[in-house]
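A.B. asks: no sequence for this one, just the structure:
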Ligand code: PEP
Ligand code: MN
């Protein structure tokens, strides 16, 4: 798939704000709830109204969405507020109904992007239409699967495309519901620089208190928009209650976010610098995280050596590691001297930890 500037023109064609703000409840619950939220969002930064009609729930027995009736409620939203309307589709039947109700933007959820069969079915059902389609990242951190989703739609002649970063599931508990893996989103941008990239801080956070910092990071990384779950009574929402905010809180959050819109040479320079610095921050966080993990493994080795009465320093093994790392470093343009200094420091830290175990 070639890089295609047409892919982002839909943002302009529809006169949509930049950054694009998509807001609305996780789930459409009742007609009153949908309309009340939509009217509170009218005349705010949000130009697109979202609501899930068919809800993919991880476990059965939970609220699975109101179904097709909700599409009529979305139509009322469009008529009464002038906002574009968006919902999730997960099969050909959903697409058919969404098309019949003239839904403007369809998105493919994280649980669907993982399945090439489902994405293909949706792409086939959309072929020949000119809908805007947004593809959420798959649940698991697999860039190829995400790119594959976009490519399947593009091959089905869907050209008004965008991607949504909603974070990735992890086995370990982290402070996020879905780990943001910004590095992966940056790689995505590098592959398709002209594809609008939208951040969904709600599903990344899983809670209200860190939405703003996630939005700021996304904007600093040059994301084109935000999709924020918004409910008039978040605590009593039928799904994802902990992460939803009221329209009033969204308005305040948008005011507090640093959004870079002006363009002069100086501003452009600062914007670029900020983006690159945020990328560096993301990489640095990743390095510390990786070093922390390495240290944990080194400690397990320390335990094992202790149980088996083996000396901490194993020179042969250490020299092998160094030799390999020097070669790998060269491939990445890193000098031998740097690799030696860095690994000496890392190795020393491991030995210190292991000695504490053995002597402690
Ligand atoms: C949603 O947007 O409500 C949703 C179900 O999201 P995801 O597919 O990212 O889990
Ligand atoms: Mn949700």
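C.D. replies: Great, that's in hand. Note that the coordinates shown come from a computational prediction; the quantities given were computed from them, not determined experimentally. Ligands and ions are numbered 1, 2, ... in the order given.

A.B. asks: show me the contacts for the residue in the stretch 51-200 of the chain positioned nearest to ligand 2.
C.D. replies: In the stretch 51-200 of the chain, the residue that lies nearest ligand 2 is residue 52 (6.4 Å; Cβ to the ion). In this view, the C-beta of every residue, glycine as well, is placed from N, C-alpha and C. Taking Cβ atoms under 8 Å, 6 or more residues apart in numbering, we find residue 52 in contact with 25, 26, 27, 28, 65, 87, 88, 239.

A.B. asks: Which phi and psi values does the third one adopt?
C.D. replies: Translated: residue 27. According to degrees, to the nearest 10, the main-chain angles of residue 27 amount to phi -120, psi 140.

A.B. asks: Show me what it is bridged to.
C.D. replies: On the basis of DSSP bridges, residue 27 is bridged to residue 52.

A.B. asks: ok, now how distant is it from ligand 2?
C.D. replies: 7 Å (Cβ to the ion, to the nearest Å).

A.B. asks: Then the first one?
C.D. replies: From residue 25 across to ligand 2, the span is 8 Å (Cβ to the ion).

A.B. asks: Look up how far residue 34 lies from the closest residue in space to that residue that isn't next to it in sequence.
C.D. replies: Distance criterion Cβ to Cβ, 6 or more residues apart in numbering; nearest residue to residue 25, sequence neighbours excluded, is residue 231 at 4.7 Å. Distance from residue 231 to residue 34, counting by Cβ to Cβ, to the nearest Å: 10 Å.

A.B. asks: need the residues of the stretch 201-350 of the chain near ligand 1, please.
C.D. replies: With Cβ under 6 Å from any ligand atom as the criterion, the stretch 201-350 of the chain meets ligand 1 at residues residue 203.

A.B. asks: residue ranges with poor pLDDT in the stretch 201-350 of the chain?
C.D. replies: Confidence mapping of the stretch 201-350 of the chain against pLDDT under 70 gives the ranges 261-263, 312.

A.B. asks: Could you pull out the helices in it for me?
C.D. replies: Using DSSP state H, counting those that start in this stretch, the helices of the stretch 201-350 of the chain run over residues 201-205, 211-220, 247-256, 265-307, 315-331, 336-359.

A.B. asks: export those helices to CSV and tack on mean neighbour count and distance to residue 21?
C.D. replies: Output for these, formatted as CSV (neighbours: other Cβ atoms under 10 Å; distance: least, Cβ to Cβ, whole Å):
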stretch, mean neighbour count, distance to residue 21
helix 201-205, 26, 11
helix 211-220, 20, 10
helix 247-256, 16, 7
helix 265-307, 13, 19
helix 315-331, 12, 43
helix 336-359, 14, 43
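
A.B. asks: TSV for those, including distance to ligand 2?
C.D. replies: TSV is the format used below for the helices of the stretch 201-350 of the chain (distance: least, Cβ to the ion, whole Å):
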stretch	distance to ligand 2
helix 201-205	6
helix 211-220	13
helix 247-256	15
helix 265-307	25
helix 315-331	41
helix 336-359	41
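
A.B. asks: As TSV, those helices with distance to residue 79 would be great.
C.D. replies: Formatted as TSV, the helices of the stretch 201-350 of the chain follow (distance: least, Cβ to Cβ, whole Å):
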stretch	distance to residue 79
helix 201-205	26
helix 211-220	29
helix 247-256	19
helix 265-307	38
helix 315-331	59
helix 336-359	62
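
A.B. asks: give me every residue that touches the residue in the stretch 1-150 of the chain that ligand 1 sits nearest to.
C.D. replies: As assessed by Cβ to the nearest ligand atom, ligand 1 sits closest to residue 109 within the stretch 1-150 of the chain, at 3.1 Å. By Cβ under 8 Å, 6+ apart, residue 109 lies in contact with 56, 88, 90, 136.
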